[in-house]
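K.L.:
Got a predicted structure here, sequence first:
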Amino acid sequence: MNTLRPLSAAILAAAVSTPVLAQDDIETVYINPFIGYQYFDHKRDLDEEATYGFGLEYRFLPQWAVEAVYSKANPDIKDSNGDVDFEEVRVDGLYYFGNQSETVNPYLAAGVGHAKFDGGTMTTPGTEHEETRVNLGGGVRFNMTDLLSLRADLRALHGLDESTFDAQASLGLSLAFSRNTSEPEPAAPEPAPAPEPEPDSDNDGVPNNRDQCPGTVSGATVDRNGCELDSDGDGVVNRLDDCPGTRAGAEVGERGCELVTLETITLYITFPLNSAEIGSQYDDDILKIANALKKNDEVTTEIAGHTDSTGAAAYNQQLSQRRAEAVAERLVEIYDIDSDRVTPVGYGESDPVATNETDEGRAQNRRVEARIQVRR
């Protein structure tokens with residue numbers, strides 16, 4: 001019989017040392033005092049008797065617990081004036097159908113214990129009798145608060161030595177001591193302070209340190225460099241372009257529309273040496289240009305000055321520009337043509353129409369052309 005005691009201790013030690021498997025578990029220790037009734041097998045010749053005791057329960061997982069129990073009773077011997085001192089120590093395993101946070105916790109239980117009858121039992125009254133008993137049963141725990149709970153328990157107990165069958169019903173008030181074994185969530189790192197935004201003076205979404213076109217008009221669509229979009233590459237931004245999709249290389253007006261040359265009037269004007277003054281004999285030719293412009297307010301003219309190759313190219317460039325400006329000035333001041341419709345451009349000796357090897361050819365190259373164009 002005494003082999004039960006080290007066996008019970010080993011079971012209890014193994015249960016207590018069981019690792020907590022879930023980080024979110026709550027471990028609970030219950031102190032379970034109880035009172036009840038013990039019903040003895042008829043072979044024992046003992047009356048039913050009140051019993052009392054206590055248990056120490058360790059609930060190491062939400063559904064699993066182990067409990068060491070001590071109980072005591074003094075049942076009377078039937079048909080005799082004597083009684084028996086009854087004591088039992090047992091170790092039980094419990095499986096709960098819920099967790100500690102639920103109000104009602106039903107459970108199943110099974111265990112093994114060592115019982116002692118002293119004072120006369122069975123067929124040998126007046127002598128001590130010990131036996132091993134196994135039990136099976138269940139109950140329910142009713143949680144009133146986090147600290148207090150009621151527990152009702154019912155067990156069937158089988159004595160292995162004499163093949164007896166006893167029963168015990170009990171009711172107890174339990175004290176609970178719990179601790180949360182969950183690992184605390186790591187504190188969220190403090191967010192890094194947001195960097196100070198780069199200044200964007202024109203509010204186009206591109207900071208100053210990357211903005212290649214500062215001062216963009218408010219609300220304009222810009223590229224990654226902060227410049228307004230010019231989808232057709234004609235030099236007029238989309239916002240101002242009335243003719244999107246202009247062909248590559250086309251000459252366009254200020255609204256992004258292609259300039260169409262309607263007429264080119266060539267003037268062969270002889271200028272004094274190193275001079276841009278125009279003699280009055282060329283008034284009729286300049287008048288032709290003025291009349292062409294006055295016929296249609298939608299046309300403009302480019303006054304293109306040209307020279308022959310005599311002299312330095314840089315000098316010829318300057319000379320052609322001055323002569324083109326002289327014709328443009330005559331159109332504006334004498335014939336009252338708006339200055340924004342007349343553009344003087346000097347081409348120097350870069351665009352000859354004849355050879356510069358002869359006097360006749362050089363004379364043809366010294367010219368001013370008026371290119372009449374539609375303005376869009």
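P.N.:
Now that the structure is in, tell me what you want to look at. Just so you know, these numbers come straight off a predicted model, no measurement behind them.

K.L.:
For the stretch 101-250 of the chain, which segments count as strands?
P.N.:
For the stretch 101-250 of the chain, strands defined by DSSP state E, counting those that start in this stretch occupy the ranges 104-118, 129-143, 148-159, 164-180.

K.L.:
Check which residues of the longest one are buried.
P.N.:
Residues Thr164, Asp166, Ala167, Gln168, Ala169, Ser170, Gly172, Ser174, Ala176 are the ones in strand 164-180 that count as buried (16 or more other C-beta atoms under 10 Å). (C-beta placed from N, C-alpha, C; glycine too.)

K.L.:
Equivalent analysis for stretch 149-163, please.
P.N.:
Within stretch 149-163, the residues that qualify as buried are Ser149, Arg151, Ala152, Asp153, Arg155, Leu157, Gly159, counting by 16+ other C-beta under 10 Å.

K.L.:
same thing with stretch 32-40?
P.N.:
Going by neighbour count (16+ other C-beta under 10 Å), the buried part of stretch 32-40 is Asn32, Phe34, Gly36, Gln38, Tyr39, Phe40.

K.L.:
Give me the subset of those lying in strands.
P.N.:
Among the buried residues of stretch 32-40, the members falling in strands are Asn32, Phe34, Gly36, Gln38, Tyr39 (criterion: DSSP state E).

K.L.:
beta partners of the residue nearest to the third one when sequence neighbours are not counted?
P.N.:
Spatial nearest neighbour of Gly36, excluding adjacent residues (C-beta to C-beta, 6 or more residues apart in numbering): Ser170 at 3.0 Å. Beta-bridge partners for Ser170, by DSSP bridges, are Gly36, Asp153.

K.L.:
who's in contact with Ser170?
P.N.:
By C-beta atoms under 8 Å, 6 or more residues apart in numbering, the contact set of Ser170 is Phe34, Ile35, Gly36, Tyr37, Thr51, Gly53, Ala152, Asp153, Leu154.

K.L.:
Apply 10 Å and report the result again.
P.N.:
Residues near Ser170 by C-beta atoms under 10 Å, 6 or more residues apart in numbering: 32-38, 51-53, 55, 69, 71, 139, 151-155.

K.L.:
Any regions of the stretch 251-376 of the chain where pLDDT drops low?
P.N.:
Counting by pLDDT under 70, the stretch 251-376 of the chain contains low-confidence residues at 258-259, 261-262, 270-275, 375-376.
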